[in-house]
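[1] Sharing a model that was predicted from the sequence below.
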Amino acid sequence: MPVFILRRLLQSVLVLFFMSLLVFVGVYAIGNPVDILINPQADQADIERAIAALGLDKPLWEQYLIFLRQALLGDLGKSFAYNIPAIQLILERMPATLELALAATGMAVLLGIPLGLWAGLAPDSWPGKLIMTGSILGFSLPTFWVGLMLIMVFAVELGWLPSNGRGPTTELFGVPVSFLSWEGIRHLILPAINLALFKFSLIIRLTRAGTREALLQDYVKFARAKGLSNARVVGVHVLKNIMIPIVTVIGLEFGSVIAFAIVTESIFAWPGMGKLIIDSINVLDRPVIVAYLLIIVSLFILINLTVDIVYSLLDPRVRISEAKG
Amino acid sequence: MPLRRFLIAVAAAFAITVHAAELRIGLAADVTSLDPHFLNVAPNNNAAWHVFDALVHVDANARLIPGLAQSWRAIDATTWEFKLRKGVKFHDGSDFTAEDVMFSLERPATLAASPGPFTGFVKPITAKKIIDPWTLQLKTATPYAMLPHDLDSIFIVSKKAAAGAATEDFNSGKAAVGTGPFKLVRFARGDRIELARNDAYWGAKSAWDKVTLRILPADTARIGALLAGDLDAIENIPTADLTRLKTNANLRLKQKVSWRTLFLHMDQYRDHPPHLSDKSGKPLAKNPFKDARVRLAISKAINRRAIVERVMEGYAIAAGNLVSPPVFGHVDALKPETYDPETAKKLLAEAGYPGGFALTLYAPNNRYVNDEQVAQAVAQMLARVGIQTKVETMPASIYFAKARAGEFAFALLGWGSFSGDLALRALVATPDAEKGYGAWNWGRYSNPKVDALLLQGFATLDETKREALARAAATLALKDVPVILLYHQLASWAMKKHIAYSPRTDEYTFAHDFRPK
């Protein structure tokens, strides 16, 4: 296991290195933040001074080497537009995004697995059919449209929930969270539903397919023949066996929820990282773009590692030390 | 039931006071920093104007009015004297004096790592002298009429609070000590700015005890929040939603002609500009834009009324000037070019292009209201007089770098200016990096007479004479059709019925301009 983790870490460093190089070249190819941010009335001397102050007058390779040296010391640079360290900028937005992602994933798992099981155990009953039809809608409706409808119905027409924003935050182990107050939860409900909808449908479908397949397996028949209760057959034997693909998908989806919550965050004005990255791309704020992508890549690596470890716990046949990467 | 009536009365009174005391505004762009000298972009300045003042202010019609300076005058050709307002207090209770002004004028140059510095506004000042705590003399190397105007852009911070302060100190509020109508309570980056009324403000006090500026760049989020009652007012309404909001009985809509003018630049300096050919794709013998008849023909081929009514849904006015009507230097006699495709065709034939030619019109697609659609409309109108027009659009972050590099021969640009001569200097004066002229003259139109009039104007310290010179320069330049003027945008705001608002030409959204009705 330690060898496995070590190898993973080494690979991660390589990935991070290439990622930063890609972003550097990409942003360099697009243009220059000074062209966008400087006052149009500024003269040539001011423009050149600003470009030099940000180090953008140097050749690309030199800029990249400076970045690498600073990065090794743990400094990813200061945001051009915000004038504060990029890492700080991202970390202060991260709790909001994580909170939203966890709420959405939690909702999707807690509702999706039971409903998927139900649909898998009774595929021909009307609730089973209803669940499947509902999941098709969850798949096919675009997120931004669902978000707008949620706002129109629950905030504008009914007035039950706030239309956007994050509620008041309180510190929990030094992290500002909003789900501890009723007001905070009220703000969380709509964006979390919007973000959860797709994963929810995905989990229902995976669980149903897995259940239907597992029910035909010999071990289920054997368990039933042994006279085990239906609850035990389904709750222990079936569920445990169908969890492996579901855990993989939940892990990957959790990563993508964090990285791509952008649409939901903008519609609901949720002050998370998604909004930050869009703003930063618009003004070519390279330090923030690089730092953001590096953090997201690290997050994916971490999630994949966790998924692999959870595998081995669920399925004793999987031996992590033997896995090839 | 006296008790019940009493309770209802109390509840009603409470509800009204609570309502009247707090204002929540939805802003359309992110505020990156509350350091008023760090980054010169409109959203940051908009936020800074709530907490800070400048020596000179600008009124709703973009004209200069006294701010922290009660008056100013030129005492000789190169010296301006500013009389400061007495008895003004900073938010921390300390007095405002000439020392704070000196400090604030010097601070922009100390902030090196800014991609959009304020240094251009203080550069003309060669010497500063404090005569007494409320009198300040500023010297320039040459006679410079724009100084009071430039000082509208330099926010006055407290020397005591801001000495040695970093951007973070302004964001946290420690250094954000100004004289403005509101005190900073909290800045939650990317989310909101909370403000409290400054009861000691020297000017008209705000009607609101508490103001929250919410940052909501997504149009749908802003409009949804207003409809749901989570906000009291919002800025920057997309044209598609204006009609819907207008018919809503609970809301009120306010508009004002913005200082932003949209127009098309034409390459008038290269013999063979890029993306310009005859209809079969072969290069033209010469650059048609160099012929004033062709430029006039293009202008006559454009139906501005149709663009205003159809594409902009009525939220623009056709332009005959580089600056919009209330602005300094606007010439009322210059009317929008009349739509006359027949004359346009005749002019093209006279110029040697009876069959027209082909070109590509470039435009940004996320910078101005409906920019891409406007470009499409222009292209169709040009096609009708025989100029085959292809449209290419791209995000602003790519567009402006390419435009500056001279990659476009025919391109859309929007420009906001506080005065006609400034607009002329940036857009149609002969490009000269030394003097700072023609920095945005992409087409490099050049007319020495216009340059001379501008030069004379900027050295004329008398406002009336300067405005006359600015008008003369505009009349002279626009006769040559150096750019194709399209329209002036209208800026719009929406608010709840019980709130009144006086909109501004410079598109700023100030909480203190809202009042309960």
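    Okay, I see it. As the structure is a prediction and not an experimental result, all values here were calculated from the model.

[2] Flag every buried residue along stretch A:137-152.
    Neighbour counts over stretch A:137-152 (16 or more other CB atoms under 10 Å in any protein chain shown) mark A:Gly138, A:Thr143, A:Val146, A:Gly147, A:Leu148, A:Leu150, A:Ile151, A:Met152 as buried. From N, CA and C alone the C-beta is placed, and that goes for glycine too.

[3] typo on my end, stretch B:429-439
    Along stretch B:429-439, these residues count as buried under the neighbour rule (16+ other CB under 10 Å): B:Ala429, B:Thr430, B:Pro431, B:Lys435, B:Gly436, B:Tyr437, B:Gly438, B:Ala439.

[4] Quick one: low-confidence residue ranges for the stretch 201-350 of chain B.
    For the stretch 201-350 of chain B, no stretch is flagged by pLDDT under 70.

[5] same thing with the stretch 1-150 of chain B?
    Using pLDDT under 70, the stretch 1-150 of chain B drops low at B:1-20.

[6] All the helices of it, residue numbers only.
    In the stretch 1-150 of chain B, the helices defined using DSSP state H, counting those that start in this stretch lie at B:2-21, B:42-51, B:98-110, B:119-122, B:147-150.

[7] so which of the buried residues of stretch B:429-439 are also by chain A?
    Within the set of those, contact with chain A (CB under 8 Å from any CB of the partner chain) is found for B:Gly436, B:Ala439.

[8] Now that we're looking at the most centrally placed residue in chain B, what pLDDT does it have?
    Nearest to the mean C-alpha position of chain B, counting by CA atoms, centre = their mean, stands B:Gly416 at 4.2 Å. In this model, B:Gly416 is scored at 88, pLDDT.

[9] List phi and psi for it.
    Main-chain torsions, B:Gly416, degrees, to the nearest 10: phi -110, psi 130.

[10] who does it bridge with?
    Beta-bridge pairing of B:Gly416 under DSSP bridges involves B:Arg260.

[11] does it really touch B:Val257, like I thought?
    No - judged on CB atoms under 8 Å, B:Gly416 makes no contact with B:Val257 at a distance of 11.5 Å.

[12] sorry, back to before: list the contacts for the residue nearest to the centre of chain B?
    By CB atoms under 8 Å, 6 or more residues apart in numbering or on different chains, the contact list for B:Gly416 reads B:Ser258, B:Trp259, B:Arg260, B:Thr261, B:Asp506, B:Glu507.

[13] could you dump stretch A:283-301 to PDB, C-alpha only?
    Taking C-alpha atoms only, stretch A:283-301 is exported to PDB below (Å, rounded to 0.1, in the frame of the first residue of the first chain):
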ATOM      1  CA  VAL A 283      -9.200  39.100 -17.600                       C
ATOM      2  CA  LEU A 284      -6.400  36.500 -18.200                       C
ATOM      3  CA  ASP A 285      -5.400  36.500 -14.500                       C
ATOM      4  CA  ARG A 286      -2.800  33.800 -15.000                       C
ATOM      5  CA  PRO A 287      -1.800  33.200 -11.400                       C
ATOM      6  CA  VAL A 288      -5.400  32.400 -10.400                       C
ATOM      7  CA  ILE A 289      -6.000  30.200 -13.500                       C
ATOM      8  CA  VAL A 290      -2.800  28.200 -12.800                       C
ATOM      9  CA  ALA A 291      -3.500  27.900  -9.100                       C
ATOM     10  CA  TYR A 292      -7.100  26.900  -9.600                       C
ATOM     11  CA  LEU A 293      -6.300  24.200 -12.100                       C
ATOM     12  CA  LEU A 294      -3.400  22.800 -10.000                       C
ATOM     13  CA  ILE A 295      -5.800  22.600  -7.000                       C
ATOM     14  CA  ILE A 296      -8.500  20.900  -9.100                       C
ATOM     15  CA  VAL A 297      -6.000  18.400 -10.500                       C
ATOM     16  CA  SER A 298      -4.700  17.600  -7.000                       C
ATOM     17  CA  LEU A 299      -8.300  17.200  -5.900                       C
ATOM     18  CA  PHE A 300      -9.000  14.700  -8.600                       C
ATOM     19  CA  ILE A 301      -5.800  12.800  -7.800                       C
END
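
[14] buried sites along it?
    Neighbour-count burial for stretch A:283-301 flags A:283-297, A:299-301 (criterion: 16+ other CB under 10 Å).

[15] Equivalent analysis for stretch B:100-115, please.
    Across stretch B:100-115, burial judged by 16+ other CB under 10 Å covers B:Asp100, B:Val101, B:Met102, B:Phe103, B:Ser104, B:Leu105, B:Arg107, B:Pro108, B:Leu111, B:Ser114, B:Pro115.

[16] ok, the residues you listed vs B:Ala344, which is closest?
    When the buried residues of stretch B:100-115 are compared for distance to B:Ala344 (CB to CB), B:Pro115 comes out closest, at 42.3 Å.

[17] Around A:Phe17, count how many other residues there are.
    A:Phe17 is flanked by 13 other residues according to other CB atoms under 10 Å in any protein chain shown.

[18] end-to-end on stretch A:226-239?
    18 Å (CA to CA, to the nearest Å).

[19] Would you mind pulling the contact partners of it?
    Applying CB under 8 Å, 6+ apart, the contact partners of stretch A:226-239 are A:Ile113, A:Leu117, A:Leu121, A:Thr211, A:Ala214, A:Leu215, A:Tyr219, A:Val220, A:Ala223, A:Arg224.

[20] Check whether the last one sits in a helix, strand or coil.
    When classified by DSSP: H, G, I helix; E, B strand; the rest coil, A:Arg224 comes out as helix.

[21] give the contact list for it.
    A:Val233.

[22] ok, it to chain B distance?
    As judged by CB to the nearest CB, to the nearest Å, A:Arg224 and chain B stand 53 Å apart.

[23] any idea how far A:Asp124 is from that residue?
    A:Arg224 sits 19 Å away from A:Asp124, going by CB to CB, to the nearest Å.

[24] Next: the fourth one.
    The gap separating A:Thr211 from A:Asp124 is 14 Å, by CB to CB.
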